[in-house]
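Participant: model this:
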Amino acid sequence: MSQRRFLACLALLLCFAVVLVYIGRYTELDLMLADHYYDAAAAAFPGRDDWFFEFVMHHMAKALMVAVGMVSPLALLADRLLGYTLLSNETRRAMWLVALSSVAIPVAITITKYLSIHHCPWNLTRYGGFAPYLRVFDALPAGVSAGRCFPAGHASSALWLASVCAFWLPARPLRALGVFLLGLLPGLALGWVQQMRGAHFLTHTLWSLWIAALVILLLTRLILPAPDPSAGSDAGQTCGLPVHEPSAIPVDGALEEPVDRHA
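Facilitator: Residues are numbered from 1 along each chain as shown. The predicted structure is shown next:
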């Protein structure tokens, strides 16, 4: 990834961070959505003990994502055992990025959770629990333990899928962007299920997406090469079109000088 593109993506992520801070600090969006899934009459989140949400979307989905995440490390191991003959250099670099993302994203989110003071919705007094509701940058009241529920950890088990976009970089950045956005959807879905159960607020999941995007961006900068200007025009690289050098054209039994058709 080129320095210019890296800085542009980093600036965009910083803008999104400002938006998330504003939502969490100055809006009621988190509480409005949590209120929607909370049954005040029963004083509980009905989805908390739902079999499908808990067993399928929580335990089974996480196990599935861990199993899928083993594909890249196993492919790299097989390539190593076969003397680096199984994968091309480009595929090997992409595999490394995906493999590292599948580890680095959950680790980064887990560390952030450990340092956070925010409690899960089902622990708040507003929803029958014991802890106060805290906004971004609020201080932890005396006598209240840290909640360590921010950001959403369960979503991190699937957010690494967005790193699959590396297989289209640097040659096809627009297609890579589409794959990246699609790759975030499974993690967003898992985070939304946890929100329905009362385990997280919406911003918890959105911050997990932000951390995942930052990790992938940093790994992309470190692992993937910058586009080669000598490989062709920017337009050709953006669209993923092959760029061919002009070839000699026979004229009356002789070779005419190469003609640059792009001139």
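
Participant: Which positions in the top helix by length along the chain come out as buried?
Facilitator: Counting residues, the longest helix in the chain under DSSP state H turns out to be helix 89-115. Across helix 89-115, burial judged by 16 or more other CB atoms under 10 Å covers 92-102, 104-106, 108-109, 112-113. For every residue, glycine as well, the C-beta is placed using N, CA and C.

Participant: again, but for stretch 150-163
Facilitator: Result for stretch 150-163 [16+ other CB under 10 Å]: buried residues 150-163.

Participant: Can you name the two of those residues that sit furthest apart?
Facilitator: Using CB to CB, the two most remote members of these are F150 and S163, lying 22.9 Å apart.

Participant: Quick check, pLDDT for the one residue sitting closest to the centre of the chain.
Facilitator: Residue closest to the mean C-alpha point of the chain, counted by CA atoms, centre = their mean, is A212 at 3.9 Å. A212 carries a pLDDT value of 98.

Participant: residue contacts, it?
Facilitator: 101, 105, 109, 156, 159-160, 162, 184, 187 (CB atoms under 8 Å, 6 or more residues apart in numbering).

Participant: how many other residues sit next to R80?
Facilitator: R80: 12 surrounding residues under other CB atoms under 10 Å.

Participant: Quick check: end-to-end length of stretch 142-153?
Facilitator: Terminal residues of stretch 142-153 are spaced 26 Å apart (CA to CA, to the nearest Å).

Participant: re the thing from before, what's the longest helix of the chain packed up against?
Facilitator: In terms of contacts (3 or more CB pairs under 8 Å, 6 or more residues apart in numbering; DSSP states H and E), helix 89-115 is packed against helix 71-81, helix 156-159, helix 202-223.

Participant: Would you mind finding the most buried of those?
Facilitator: Burial of the helices and strands packed on helix 89-115 is given as mean neighbour count (mean count of other CB atoms under 10 Å); helix 156-159 ranks first at a mean of 28.

Participant: Confirm for me that P186 is in contact with A158.
Facilitator: Yes: contact criterion CB atoms under 8 Å: P186 and A158 qualify, at 4.0 Å.

Participant: which residues are common contacts for the two?
Facilitator: M65.

Participant: For the spatially closest residue to D30 that is not a sequence neighbour, give me its contacts.
Facilitator: Computed as CB to CB, 6 or more residues apart in numbering, the closest residue to D30 that is not its neighbour in sequence is F201, at 3.9 Å. For F201, the contacting residues are 30, 33-34, 121, 195, by CB under 8 Å, 6+ apart.

Participant: Could you do T85 as well?
Facilitator: Contacts of T85 (CB under 8 Å, 6+ apart): D79.

Participant: mind checking which helix or strand it is in?
Facilitator: Following DSSP states H and E, there is no helix or strand that holds T85.

Participant: What's the separation between it and A78?
Facilitator: Per CB to CB, to the nearest Å, T85 is found 10 Å from A78.

Participant: Which ones among the contacts of F201 lie within helices?
Facilitator: Using DSSP H, these in helices are 30, 33-34, 195.

Participant: who wins for most neighbours among those?
Facilitator: The ones in helices among the contacts of F201, ranked by neighbours (other CB under 10 Å): first place Q195, 25 neighbours.

Participant: Settle this for me: that one is touching S208, isn't it.
Facilitator: No: when contacts are counted by CB under 8 Å, Q195 is not listed as touching S208 (11.6 Å).

Participant: quick revisit: pick the one among the ones in helices among the contacts of F201 closest to L14.
Facilitator: D30 (21.6 Å).

Participant: Can you tell me which of the buried residues of stretch 150-163 is nearest V18?
Facilitator: P151 (16.4 Å).

Participant: which SSE is that closest one in?
Facilitator: Going by DSSP H and E, P151 is not part of any helix or strand.

Participant: Roughly how far does it sit from F201?
Facilitator: P151 is 10 Å from F201, by CB to CB.
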